[in-house]
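Student: need coordinates for the following:
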Amino acid sequence: MRPESVEVQVRPGTTDDLGALTDLYNHYVRETPVTFDTEPFTPEERRPWLLSHPEDGPYRLRVATDADSQEILGYATSSPYRAKPAYGTSVETTVYVAPGAGGRGVGSLLYTALFDALAEEDLHRAYAAVAQPNEASARLHARFGFRHVGTYREVGRKFGRYWDVAWYEKPL
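Tutor: Residues are numbered from 1 along each chain as shown. So this is what the prediction gives:
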């Protein structure tokens, strides 16, 4: 078990992170309803996703690592909210924390770095979709000024059941 006092560094994601980020995401694909993807990805299948989050601009990727081992502890992204041009000043944000790294503030460090990076961008709102139930994610989003704006009932089917998704928004 990793000690609680591990120093965490947050930085932009790079192509060198692709394998570890894919493994982390695939954990959530295989084991949880947090994402509605149902089949694991290969790193090559995830490459376009990673490349769509450059170091600057409104669509960012921030990665948290253990300062000593450089093990990836989680990541946060801002991505297009919707494809139509009028949505251009809105982003959808998300955070994934590695199994075993939860409850140590990694998600908060990632969101702090992400929103700091987005502060000078021409953005108006951030949105987050949270499969229910997920109290930890609800607390994280509330801590960062998101407010619940509605819930889609039984909008996704995974593991043989339907899941609700709560939507949160935050002014930027």
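
Student: and residue 24, which of the three is it?
Tutor: In three-state terms, and counting by DSSP: H, G, I helix; E, B strand; the rest coil, residue 24 is helix.

Student: quick check: it touching residue 98?
Tutor: Yes: the criterion here is Cβ atoms under 8 Å, and residue 24 meets it with residue 98 at 5.5 Å. Bear in mind the C-beta positions are built from the backbone N, C-alpha and C, glycine included.

Student: please enumerate the shared neighbours of these two.
Tutor: Common contacts of residue 24 and residue 98, defined by Cβ atoms under 8 Å, 6 or more residues apart in numbering, comprise 72, 74.

Student: my read: residue 81 touches residue 93, true?
Tutor: No: assessed by Cβ under 8 Å, residue 81 is found out of contact with residue 93, at 9.5 Å.

Student: what touches both of the two?
Tutor: Taking Cβ under 8 Å, 6+ apart as the criterion, residue 81 and residue 93 both touch residue 127.

Student: more crowded one of these two?
Tutor: The residue with more neighbours, out of residue 81 and residue 93, is residue 93; 25 against 18, by other Cβ atoms under 10 Å.

Student: so that one sits in a helix?
Tutor: No: Residue 93 is assigned strand when assessed by three-state DSSP, not a helix.

Student: residues in contact with it?
Tutor: Contacts for residue 93 (Cβ under 8 Å, 6+ apart) come out as 76, 77, 78, 79, 111, 114, 126, 127, 128.
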